[in-house]
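# Quick one: sequence plus predicted model below, questions after.
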2 protein chains.
Amino acid sequence: MSIEAPAPKTTRVRRTPEAARENILAAAEALLVSQGPQAIKLADVAKAAGVVHANVIHHFGSIAGVETALMERMIRQLAEKVLTALDRDDAVLGVGAQALFDAFEAKGAARLAAWLELTGEGARMTLVREVVEAIIDTRVARDTGVDREAAVDFVMLNIILAVGVGLFGPTLSALLGRPSERPRELALELIEGRLSASQQGG
Amino acid sequence: MSIEAPAPKTTRVRRTPEAARENILAAAEALLVSQGPQAIKLADVAKAAGVVHANVIHHFGSIAGVETALMERMIRQLAEKVLTALDRDDAVLGVGAQALFDAFEAKGAARLAAWLELTGEGARMTLVREVVEAIIDTRVARDTGVDREAAVDFVMLNIILAVGVGLFGPTLSALLGRPSERPRELALELIEGRLSASQQGG
DNA sequence: GCCTCTATTGACATTTTTGTCAGTACAACT
DNA sequence: AGTTGTACTGACAAAAATGTCAATAGAGGC
């Protein structure tokens, strides 16, 4: 009987650093969306990602590192989503506004925004500013013919409303006995109303 | 030299149970508003309230007890604020809507709502439902003459917008280089616009 | 004044969460 | 095949957060 090479205790998945980080961040995002920021614990994130918590530390240095990386990732995804949506259908403003609304109304985006706000990291939204300015420069101002400040106001209101709907729409509509899609409909009506009003007015 | 009674090691403040709870909850609320839900730690709350953390446990049983008590207190305050505001100036709908808006736009209320939502405690807002229904029954439906569902929709939209402005208005306006009061103005314009539109329409 | 009740405290104990480290296993390169 | 680099793991250590308990000290009633 020859002595065999000792079998590995455990068979491991070995990812590229990028894939490993992505895997962990995806798990963390799922936790954030489903259970809130408080649920982003080292052990829980690691478990959800299918790795050991020391591995999370290895890739991000600390739990705070995971948090900031997650914030940045989500913001970047949000920005890309908005830009590609605006890009695909070369929209008139109305459709552009819908794309903007869609992006911010998404549960993940809304919760990200609330998280940033509650933790005082709202300043991290700078990427969002760039996106907004890109939108305004390339679309809104052209389509409406209104001045830049009015365009910024419009987009700002759009975002506030969208995030509000994404965050509170489900709970509020359930609480008040209204259809779950109602908040979104109402908000879009409102935006369209303002749009047509401003087109008439100026 | 007579033997004196040993002086107390520390001089204590002794409150009624209600006052003690109130003191602690006020400190916790300040922490919540200024630093977010994550900042509600046993030691920090106790420190802010000027007591020892064992004392917090004594009055609330656990840190979770503090959290739920704080939620309930804030919700109750919010409800009272709305109802008294509506009560004071026997308002036409426009003013009533402003009072509603004011109450929910307040930083504390907005952050409370976001906190409840993120932690999955949105269902706690039941008191809010009662308030909304009270408003609708006593004011909105009468003033506008629209049907009940439309009134509920209107109030719901009002709340979503107000909380959105309270939560994200400051950060977004700063980020986009607009005056800090602009989000509020825009939102109120929007609400008034919808109001007059619905009064014309039905 | 003395007694009783309990809000309050300090010190300790437990649990939770985060971080460290030496060693192991997978992949690429020679 | 051997070598090298590093993603990965298990076990341990440290820190942070929560909770327990006996003792103390205000305040009101006797």
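Sure, I can see it.

# Can you check which helix is longest in chain A?
In chain A, with assignment by DSSP state H, the single longest helix is helix A:148-175.

# Could you figure out how far that helix is turned away from helix B:148-175?
Following axes from the mean of the first three to the mean of the last three Cα atoms, to 10 degrees, one obtains 140 degrees for the angle between helix A:148-175 and helix B:148-175.

# isn't residue A:86 right up against residue A:135?
Yes: using Cβ atoms under 8 Å, residue A:86 is in contact with residue A:135, at 6.3 Å. The C-beta positions use only the backbone N, C-alpha and C, and glycine is treated the same way.

# re earlier: contacts (any at all) between chain B and the longest helix of chain A?
Yes: Helix A:148-175 is in contact with chain B by Cβ under 8 Å from any Cβ of the partner chain, via A:149, A:152-153, A:155-157, A:159-161, A:163-165, A:167-173, A:175.

# how far out from the middle of the chain is that helix?
Using Cα atoms, centre = their mean, to the nearest Å, the mean C-alpha position of helix A:148-175 is found 14 Å from that of the whole chain.

# that older thread, quick check on the residues of helix A:148-175 next to chain B: which are buried?
Among those, those scoring as buried are A:152-153, A:155-157, A:159-161, A:163-165, A:167-173, A:175 (criterion: 16 or more other Cβ atoms under 10 Å in any protein chain shown).

# what bits of chain A have low per-residue confidence?
Applying pLDDT under 70 to chain A flags residues A:1-6, A:9, A:89-96, A:139-146, A:195-202.

# try 90 this time
Applying pLDDT under 90 to chain A flags the ranges A:1-11, A:81-100, A:122-125, A:127-151, A:154, A:190-202.

# Quick test: name the residue nearest the centre of it.
Nearest to the geometric centre of chain A sits residue A:109, at 2.7 Å (Cα atoms, centre = their mean).

# Contact residues of chain A facing DNA strand D?
Residues of chain A lying close to DNA strand D (Cβ under 7 Å from any atom of the strand) are A:9-10, A:12-17, A:20, A:50-52, A:54-55, A:58-59.

# Sort out which of those are in helices and list them.
Mapping the residues of chain A next to DNA strand D onto helices (DSSP H) picks out A:17, A:20, A:54-55, A:58-59.

# Could I get the contacting residues of the nearest residue to residue A:122 once chain neighbours are set aside?
Among residues not flanking residue A:122 along the chain, residue B:171 sits closest, at 3.6 Å (Cβ to Cβ, 6 or more residues apart in numbering or on different chains). Residue B:171 sits next to A:117, A:122-123, A:125 when contact means Cβ atoms under 8 Å, 6 or more residues apart in numbering or on different chains.

# Could you rerun that using 7 Å?
A:117, A:122, A:125 (Cβ atoms under 7 Å, 6 or more residues apart in numbering or on different chains).

# What is the nearest of those to residue A:31?
Distance to residue A:31 across those (Cβ to Cβ) is lowest for residue A:117, with 18.8 Å.

# Just the element for that closest one, please.
Per DSSP states H and E, residue A:117 falls inside helix A:107-118.

# Residue A:194 now?
Using DSSP H and E, the element containing residue A:194 is helix A:182-201.

# residues in chain A within reach of DNA strand C, list them.
Within chain A, the residues that sit near DNA strand C (Cβ under 7 Å from any atom of the strand) are A:6, A:8-12, A:14, A:40-43, A:53-54, A:57, A:62-64.

# Would you show me how to pick out the buried ones of those residues in ChimeraX?
With 16+ other Cβ under 10 Å as the criterion, this ChimeraX line picks the buried residues out of those:
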select /A:40,53,63
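
# and stretch A:125-135, how far out from the chain's middle?
With Cα atoms, centre = their mean as the basis, stretch A:125-135 stands 13 Å off its chain's centre.

# who's in contact with it?
Applying Cβ under 7 Å, 6+ apart, the external contacts of stretch A:125-135 come out as A:75-76, A:79, A:82-83, A:86, A:100, A:116, A:155, B:171, B:175-176.

# Quick check: can you list the domain ranges of chain A?
A:13-61, A:72-201 (automatic domain parsing).

# Alright, calling it a day.
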